[in-house]
Every structure is written in C-alpha cells, then in structure tokens.
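**Student:** Below is the sequence, then the predicted model.
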Amino acid sequence: MQVREFGTRSRGPFRNLMDVGYGVSQILPVVTELVRSQGAGIHLLQQPEAHLHPSAQAALGCFLCRIASSTHQVIVETHSDYLLDRVRMDVRDGEDGALRPEDVAILFFERRNLAVRIHSIGIDAEGNIVGAPDGYRQFFMEEVSRSLWKQRPD
C-alpha cells in the first residue's frame, strides 16, 4: 500500500506504508472508517494519537474537527495537548462549517490521591480554555518553567 502526505499546498511523494512509521499504520484504519462512514453516527476514539509525531497529532485534531458535524459526533479520549490545541485553534479560526465553541466539550479528569474529580471545561470563540481548574496543564507549565529558568550551578 502506498501513502503520501496531502497538504493544503503540496502533495508529497508516494511511500510504502511500511516505510512511514508505526503511527501512520495505526491511524490509517481509523481515518478510513471515519471518512467512509455515512449517515448519523457516534465515533468513540481512545487515544488515536498514540504513536503519532506531534505534528501528526495536531493534524489529527484538524481532521477530527472536520469529521464532527451535526450528523457525526466524535468522542475522543486523549492525552495530547497538540490535538486539543488544534481543536481550539480550529474553533477560533471558524472557517465555514467549523465547530463552534458550543460544539466542543472537554472533560478533564483530575486525580487527587485515590479520588478522581471530573471538570467540565469549555472553549470560547477566541479558542481560549474556559473554566479550567488550577491543576489543568500545571505539569506542562512547570516543565516549561523548569527548562527556561533553572539555573545551573557554576
């Protein structure tokens, strides 16, 4: 099977599916099923971004935004900030047929000891996260801060 990158400006060369990486071979059946599904449907995806490069995770977010419509509901369990950020940007950019803020629901599961609290988070028209708890993205902010500001001993 041959695949190629299909961007908005160019098309890449054909490559053997075995040569493009494990992530592509894993996501291809999911994408195929979503594209060929007809009529109303609910699609449940568990970590579809697994094994994908961050740029492919972001592209998957755009693809899922295009698939989601009045007749197709897409429910995704993900750990990917890249995928979620692309959904936020697509809502913000609001092209024809794009998702609106009210079309997107985010559930953030926060573990505290043995308990789990579920927070409902939204996206506004500017693509900003609305209603996030203090712990949302805390790990990522601490990692960025640590990488930028940590002083090395002399």
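**Tutor:** That came in fine, so what should we check first?

**Student:** How much space separates residue 37 from residue 118?
**Tutor:** Residue 37 sits 28 Å away from residue 118, going by C-beta to C-beta, to the nearest Å. To be clear about C-beta, it is placed using only N, CA and C from the backbone, and glycine gets the same treatment.

**Student:** Quick check: which ranges of the chain have low pLDDT?
**Tutor:** The chain contains residues with pLDDT under 70 at 2-10, 17-20, 70, 96-97, 150-154.

**Student:** how about the longest strand along it: buried residues?
**Tutor:** Ranked by residue count and defined by DSSP state E, the top strand of the chain is strand 115-123. Residues of strand 115-123 classed as buried by neighbour count (16 or more other C-beta atoms under 10 Å): 121, 123.

**Student:** In contact with the residue positioned nearest the centre of the chain, which residues?
**Tutor:** Residue closest to the average C-alpha location in the chain (C-alpha atoms, centre = their mean): residue 83, at 1.9 Å. For residue 83, the contacting residues are 49, 57-58, 60-61, 64, 76, by C-beta atoms under 8 Å, 6 or more residues apart in numbering.

**Student:** Tell me which helix or strand it sits in.
**Tutor:** Residue 83 belongs to helix 81-93 when elements are defined using DSSP states H and E.

**Student:** all helices of the chain, in order?
**Tutor:** Here the chain has its helices, by DSSP state H, at 22-36, 54-67, 81-93, 138-149.

**Student:** residues in contact with the shortest one?
**Tutor:** With contacts defined as C-beta under 8 Å, 6+ apart, helix 138-149 is touched by residue 81.
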